[in-house]
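[1] please work out how this folds:
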Amino acid sequence: MPSVAGLLARPRLEIVPLKSGTEEWPFLPTDGVVTVTCSPHRGVDATLDLAEELAGRGLTVTPHLAAKTLRSREHLVEVLDRVRRAGMEDVFVIGGDGREPVGPYGSAAELLAAMSDVGHGIPNVGIGAYPDTHPLIGRERLMEVLLEKQGLATYMVTQLCFDASQIERWLAGVRGRGVGLPVYLGIPGVLKRRKLLEISLRVGVGDSARYITKHAGIVARLIRRGDYRPDSLLASLAGVVGDPASRVAGLHINTFNQIRATERWRQETLRAYGWRVVNGDDAEGESAS
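    From the prediction side, this is the model:
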């Protein structure tokens, strides 16, 4: 049965492909997975550039593939070939934040179908899920789309949600409707106001408004409380994590490129749970005493 500490010892850390993050990349842990986001401003090629670089350093990397950033079927084939040649065995498929697609794919469902048609050969394919409502899609339609996509995916990742009880209710609901995919719970890392504002200004003029809107919950908490730490959220998730019916596979930590601070918090938290940490590596099941 999974535990919060066990999942925290093998995290997924989401990062944004910005040059300003270069000084943070050395702090990425080797005991987890790094996922690289995809924005309409920079496109999927920038995502793959960074993903290939990090994979070359020996990290396990999952690039985000945003449907709306793919220019054509030929571009899709090229992207999938880059993923395979880099030795990456996992992609996270999303619709993307842009209003209009640059090519033939306007949604994650369309991209998943196209990937299946070309025979992508990638073992692990993730899709997004929404415990909270989506600003553009109703709750029932979100459920329908999730049911539609799950046959072409191997796992799902929840968007950020700060309410453990909402996550638990949502999981019970989707399991009751027949969604059986393992789930990675999306949580924030340690967030400092200054760094979050820097990223929001650097993702591009058009993307900035979308970025702030998409992460409005985080922004509101930072304004109200100062710097954010996910300790209370993590503690509140212990019950749902430990319930086998939930099928929680891991934690997906949104770092917003604040990797050094998030990784320090992760190591401190693992020690608090009794995990022995040696030279930054987590030794599973060994007590700190």
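[2] what about residue 253, is that helix, strand or coil?
    Following DSSP: H, G, I helix; E, B strand; the rest coil, the label given to residue 253 is strand.
[3] for it, what are its contacts?
    Remark: with contacts taken as CB atoms under 8 Å, 6 or more residues apart in numbering, residue 253 is in contact with 11-14, 187-189, 262, 266. (Glycine included, C-beta is placed from N, CA and C.)
[4] now swap in residue 168 and tell me
    239-240, 246.
[5] coming back round to it: now, which of the contacts of residue 253 sits nearest residue 124?
    When these are compared for distance to residue 124, the smallest value, 11.5 Å, is given by residue 12; criterion: CB to CB.
[6] which ones are touching that closest one?
    With contacts taken as CB under 8 Å, 6+ apart, residue 12 has the following neighbours: 32-35, 62, 157, 184, 250-253.
[7] again, 10 Å this time
    32-35, 60, 62, 90, 92, 126, 157, 184-186, 249-254 (CB atoms under 10 Å, 6 or more residues apart in numbering).
[8] please name the bridge partners of it.
    Beta-bridge pairing of residue 12, defined through DSSP bridges, involves residue 33, residue 252.
[9] distance of it relative to residue 33?
    If you measure residue 12 against residue 33 using CB to CB, to the nearest Å, the figure is 5 Å.
[10] find the residues that touch each one of those two.
    Contact criterion CB under 10 Å, 6+ apart; residues bridging residue 12 and residue 33 by contacting each: 60, 62, 90, 184, 250, 252.
[11] point out where the stretch 101-250 of the chain drops to low pLDDT.
    When the per-residue scores of the stretch 101-250 of the chain are filtered using pLDDT under 70, the ranges that remain are 133-138, 193-226.
[12] all helices of it, in order?
    Remark: helices of the stretch 101-250 of the chain, listed N- to C-terminal, are 108-118, 139-149, 164-176, 193-202, 205-214, 216-225, 231-236, 238-242; assignment by DSSP state H, counting those that start in this stretch.
[13] buried stuff in the last one?
    When burial is assessed from 16 or more other CB atoms under 10 Å, helix 238-242 yields the following buried residues: 240-241.
[14] which outside residues touch that helix?
    Taking contacts as CB under 10 Å, 6+ apart, the residues outside helix 238-242 that touch it are 1-8, 164-165, 167-172, 183, 185, 234, 246, 248, 250-251.
[15] just the buried members of the residues you listed?
    2, 4-8, 164, 167-168, 170-171, 183, 185, 234, 246, 248, 250-251.
[16] list buried residues within the contacts of residue 12.
    Restricting the contacts of residue 12 to buried positions leaves 32-35, 60, 62, 90, 92, 126, 157, 184-186, 249-254, with burial counted as 16+ other CB under 10 Å.
[17] quick check: residue 104 vs residue 125, distance?
    Counting by CB to CB, the gap from residue 104 to residue 125 is 19 Å.
[18] more crowded one of those two?
    Here residue 104 and residue 125 are set side by side on neighbour count (other CB atoms under 10 Å), and the busier one is residue 125, at 20 against 15.
[19] next, the contact list for that one, please.
    The contact partners of residue 125, by CB under 10 Å, 6+ apart, come to 62, 65, 90-93, 112, 115-116, 149, 152-155.
[20] now, those that are in strands?
    Among the contacts of residue 125, DSSP state E puts 62, 65, 90-93, 155 in strands.
[21] and these, which is closest to residue 108?
    Nearest to residue 108 among the ones in strands among the contacts of residue 125, counting by CB to CB, is residue 93 at 5.0 Å.
[22] how many neighbours does that closest one have?
    The local packing of residue 93 (other CB under 10 Å) involves 26 other residues.
[23] swap in the one 3 residues further on?
    For residue 96, the count of nearby residues is 25 (other CB under 10 Å).
[24] one more: residue 58?
    By other CB under 10 Å, neighbour count at residue 58 equals 8.
[25] which residue packs closest to it, ignoring adjacent ones?
    Using CB to CB, 6 or more residues apart in numbering and skipping residues adjacent in sequence, the residue nearest residue 58 is residue 30, 6.8 Å away.
[26] which stretch of helix or strand covers the one you found?
    For residue 30, there is no host helix or strand (DSSP states H and E).
[27] I'd say it and residue 61 touch.
    No: with contact defined as CB atoms under 10 Å, residue 30 does not count as touching residue 61 (11.5 Å).
[28] higher neighbour count, those two?
    Ranked by neighbour count (other CB under 10 Å), residue 30 and residue 61 place residue 61 first, with 27 against 11.
[29] list the contacts for that one?
    Contacts here follow CB under 10 Å, 6+ apart; on that basis residue 61 touches 15, 28, 33-36, 48, 50-55, 83, 86-91.
[30] I appreciate the help and will end here.
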